[in-house]
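**Q** pasting the structure only:
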């Protein structure tokens, strides 16, 4: 792992969460999404995530999604980060191991919308459901 998982999600939260909220009216921070270049990296991050909170997994569209409900959520400027999503690279490998997007819940949104951020390696994803509604209870 090139950077500890906690540093990666806290850096993304601190640097970009407000930008993503401002980019779409009514956006509520939902989760930070990690993608991976290899199965080994994914497994390492899942293991590391167990120290951060409650970890649950589910199968979704042919891959495993691991959700982390943080024991110590991050808060800043009226935003609260409680969830991480780790996406298994079974069907698609990512260019690097780390934060690929920040997810937001927008009430009434009929389909997901993806917007670029000021960091070319990361995007913002807007959808109708919040991570607390999508993550399996564990």
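**A** That came through fine. As the structure is a computational prediction, the values presented were derived from the model and not from experiment.

**Q** CA atoms for contacts and neighbours, from now on please.
**A** Fine.

**Q** which strand is the longest one in the protein?
**A** For the chain, the longest strand by residue count, based on DSSP state E, is strand 63-76.

**Q** and stretch 124-131, how far apart are its ends?
**A** 14 Å (CA to CA, to the nearest Å).

**Q** do stretch 69-83 as well
**A** One end of stretch 69-83 to the other measures 5 Å (CA to CA).

**Q** what's the answer for stretch 31-45, then?
**A** Note: stretch 31-45 ends 16 Å apart using CA to CA.

**Q** name the residues that touch that stretch?
**A** 1, 5, 9, 12-13, 81-90, 93-104, 130-131 (CA atoms under 8 Å, 6 or more residues apart in numbering).

**Q** starting at the chain centroid, how far to that stretch?
**A** 11 Å (CA atoms, centre = their mean, to the nearest Å).

**Q** off-centre distance for the longest strand of the chain?
**A** Per CA atoms, centre = their mean, the centroid offset for strand 63-76 relative to its chain is 8 Å.

**Q** likewise stretch 45-54?
**A** Distance of stretch 45-54 from the chain centroid (CA atoms, centre = their mean) equals 14 Å.

**Q** can you give me the neighbour number for the closest residue to residue 48 other than its chain neighbours?
**A** In space, residue 48 comes closest to residue 5 once its chain neighbours are excluded; the distance is 7.2 Å by CA to CA, 6 or more residues apart in numbering. Using other CA atoms under 10 Å, residue 5 has 20 other residues around it.

**Q** check what pLDDT residue 5 gets.
**A** With respect to pLDDT, residue 5 scores 95.

**Q** tell me the contacts of it?
**A** Per CA under 8 Å, 6+ apart, neighbours of residue 5: 45, 48, 49, 98.
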